[in-house]
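K.L.:
how would this look folded up:
(2 chains)
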2 protein chains.
Amino acid sequence: MVNPTGRALFTSRLYAILDPAEIQERPWESVLEALLAGGAGVIQLRAKELSAKEFVEVATKGHILTRAAGGQFIVNDRVDVALAANADGVHLGQEDLPLSVARKLVGKEKLIGISTHELEQAIEAEQGGADYIGFGPIFGTATKETGYAPRGVDMLRAVCRAVSIPVVAIGGISEANVAQVWRAGAAAAAMISDLMRAEDVAAKVRRILAMRTEV
Amino acid sequence: MVNPTGRALFTSRLYAILDPAEIQERPWESVLEALLAGGAGVIQLRAKELSAKEFVEVATKGHILTRAAGGQFIVNDRVDVALAANADGVHLGQEDLPLSVARKLVGKEKLIGISTHELEQAIEAEQGGADYIGFGPIFGTATKETGYAPRGVDMLRAVCRAVSIPVVAIGGISEANVAQVWRAGAAAAAMISDLMRAEDVAAKVRRILAMRTEV
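P.N.:
From the prediction side, this is the model:
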């Protein structure tokens, strides 16, 4: 998948979010390696509880591991950390650096994803030059208090029809309901807790990706 | 004052830290304008309680106001915000982006200051290419819980002798004790609460800068 400006977009239907704070009793490297071994093609590193120094360390190492497996590596929130780790992209929320500012800093070679929660935000992000958007929360989420009511698959479907850039559905998505968001038109499904809490992370990823062919 | 690499270093003996969270009942712009009207030559924007989006907005506007007054504008903590606002420099703590990483991102034209709390950190920062260091806390501080015991003016003097880059003394410095840190060899004195809480900020700055000639 290549967007009009030529930046390579992720090809995976699973957008795996690696959050060291969500991992119990395992080193983050082993969880990342299990995600990649299972076939996860896009990894986002979310690390709100790490210092910037630690975030750079994890992002740099995480990017190397992901790149070696042929995957794409996205840094959440921090443009400077994404630049420092030479990540493939950065994912920004509505309260992070504005899209236009971030684009000037990362250039055209890095992906920029924007978190959106309303149809208007999705359209605005596309018009502003985002490479993809996150949209959600689709379902209730176990990971964080988003401050938003679940948007549901019908609103997701409307967003997917309204924009032409890839839509990553996020929020409360698990192996049990992921097929719903793919059917609604999401290019990829973001998952955190269902992956981070799986006993066998690689097997979980394999089952999810195998399911995709049946949707 | 110009350092060996040619980057212009601040010439002011007062390093004024503007922290919107420390200002009561006044818009931050009016406090900044009062600092500049009083003659403050270096402004650091510290905004730990703002979102990155707000931080960029304040930094961009603050830099324009400061530059118009002939001053230098430094952004605290965030390299991406410093780049977005085209600030004159960035100030980094020990848990922020590492100096070597930050230098690659900002280039040689922007100042990088490093917070240090030990003689060894000061020497390390100089060897790593910092343009200046902060050292402290010198005295007990009203602004934030630093987690460090006051270092005192004797240790400040030792640091000023050990490094050749400018040392900005920080922590509990006020109009009442600022002469002590200048006498100990500090190139500049950082102040937050004594400035932010002054009824007449410009007059406070003028008194402090006038005092300098008597040290």
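
K.L.:
where does the residue sitting furthest away from the middle of chain A land in three-state SS?
P.N.:
Ranking residues of chain A by C-alpha distance from their mean position (Cα atoms, centre = their mean) puts residue A:25 at the top, at 23.3 Å. Classification of residue A:25 by DSSP: H, G, I helix; E, B strand; the rest coil places it in coil.

K.L.:
roughly how far apart are it and chain B?
P.N.:
Counting by Cβ to the nearest Cβ, to the nearest Å, the gap from residue A:25 to chain B is 25 Å. C-beta here means a position set from N, CA and C on the backbone, and glycine is covered the same way.

K.L.:
what does residue A:24 give?
P.N.:
24 Å.

K.L.:
that residue and residue A:140: what is the separation?
P.N.:
21 Å (Cβ to Cβ, to the nearest Å).

K.L.:
what about stretch A:171-188, how long is it end to end?
P.N.:
12 Å (Cα to Cα, to the nearest Å).

K.L.:
how about that stretch: buried residues?
P.N.:
Residues of stretch A:171-188 classed as buried: A:171-175, A:178, A:180-182, A:184-188 (neighbour count, 16 or more other Cβ atoms under 10 Å in any protein chain shown).

K.L.:
what does chain A put close to chain B?
P.N.:
By the rule Cβ under 8 Å from any Cβ of the partner chain, the part of chain A lying against chain B is A:51-54, A:56, A:77-81, A:83-84, A:94-98, A:101-102, A:104-105.

K.L.:
try 10 Å
P.N.:
Chain A comes close to chain B at residues A:50-57, A:60, A:77-85, A:90, A:92-98, A:100-102, A:104-106, as judged by Cβ under 10 Å from any Cβ of the partner chain.

K.L.:
so the closest residue to residue A:171 other than its chain neighbours: helix, strand or coil?
P.N.:
Sequence neighbours aside, residue A:137 is the residue nearest to residue A:171 in space, at 2.5 Å (criterion: Cβ to Cβ, 6 or more residues apart in numbering or on different chains). Following three-state DSSP, we place residue A:137 in the coil state.

K.L.:
what are the boundaries of the helices in chain A?
P.N.:
A:28-38, A:52-68, A:79-84, A:99-106, A:119-127, A:152-162, A:178-183, A:193-196, A:201-212 (DSSP state H).

K.L.:
is residue A:38 in contact with residue A:175, as I believe?
P.N.:
No - contact criterion Cβ atoms under 10 Å: residue A:38 and residue A:175 do not qualify, at 12.0 Å.

K.L.:
shared neighbours, these two?
P.N.:
Any residue near both residue A:38 and residue A:175 by Cβ atoms under 10 Å, 6 or more residues apart in numbering or on different chains counts here, and that gives A:195, A:198, A:204, A:205, A:207, A:208.

K.L.:
reformat those as TSV; add neighbour count.
P.N.:
Compiled in TSV, the shared contacts of residue A:38 and residue A:175 are given as follows (neighbours: other Cβ atoms under 10 Å in any protein chain shown):
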residue	neighbour count
A:195	27
A:198	20
A:204	24
A:205	25
A:207	14
A:208	24
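
K.L.:
quick check, nearest of the residues you listed to residue A:154?
P.N.:
Nearest to residue A:154 out of the shared contacts of residue A:38 and residue A:175 is residue A:208 (Cβ to Cβ; 22.6 Å).

K.L.:
for residue A:175, see how far away the closest one is.
P.N.:
In this structure, residue A:208 and residue A:175 are 6 Å apart, going by Cβ to Cβ.

K.L.:
what residues are shared contacts of these two?
P.N.:
The contact sets of residue A:208 and residue A:175 overlap at A:189, A:191, A:194, A:195 (Cβ under 10 Å, 6+ apart).

K.L.:
any of those buried? List them.
P.N.:
Judged by 16+ other Cβ under 10 Å, buried ones among the shared contacts of residue A:208 and residue A:175: A:189, A:191, A:194, A:195.

K.L.:
ok, the first one touching residue A:212?
P.N.:
Read that as residue A:189. Yes - taking contacts as Cβ under 10 Å, residue A:189 lies within contact range of residue A:212: 9.1 Å.

K.L.:
quick one: contacts for the residue nearest to residue A:171?
P.N.:
Residue A:137 sits next to A:117, A:143-144, A:146-152, A:169-173 when contact means Cβ under 10 Å, 6+ apart.

K.L.:
got it, and residue A:72?
P.N.:
A:8-12, A:15, A:40-44, A:63, A:66, A:87-89, A:111.

K.L.:
what pairs with it across the strands?
P.N.:
Per DSSP bridges, the residues bridged to residue A:72 are residue A:42.

K.L.:
any idea how far it is from chain B?
P.N.:
From residue A:72 across to chain B, the span is 21 Å (Cβ to the nearest Cβ).

K.L.:
any idea of the pLDDT on that residue?
P.N.:
Looking at residue A:72, its pLDDT reads 96.

K.L.:
still on that earlier bit, just curious, which of the buried ones among the shared contacts of residue A:208 and residue A:175 is nearest to chain B?
P.N.:
Distance to chain B across these (Cβ to the nearest Cβ) is lowest for residue A:191, with 25.1 Å.

K.L.:
specify the beta-bridge partners of the closest one.
P.N.:
Where residue A:191 sits in a bridge, its partners, by DSSP bridges, are residue A:16.

K.L.:
and it, how far from residue A:77?
P.N.:
For residue A:191, the distance to residue A:77 equals 18 Å [Cβ to Cβ].

K.L.:
and residue A:182, by the same measure?
P.N.:
26 Å.

K.L.:
quick one: low-confidence ranges for chain A?
P.N.:
A:1-10, A:142-146, A:213-215 (pLDDT under 70).

K.L.:
go with 80
P.N.:
A:1-11, A:24, A:141-146, A:212-215 (pLDDT under 80).

K.L.:
go ahead and confirm residue A:99 touches residue A:125.
P.N.:
Yes - with contact defined as Cβ under 10 Å, residue A:99 reaches residue A:125; the gap is 6.6 Å.

K.L.:
nearest residue to residue A:94 in space, please, no chain neighbours.
P.N.:
Counting by Cβ to Cβ, 6+ apart, the residue nearest residue A:94 is residue A:115, at 6.3 Å.
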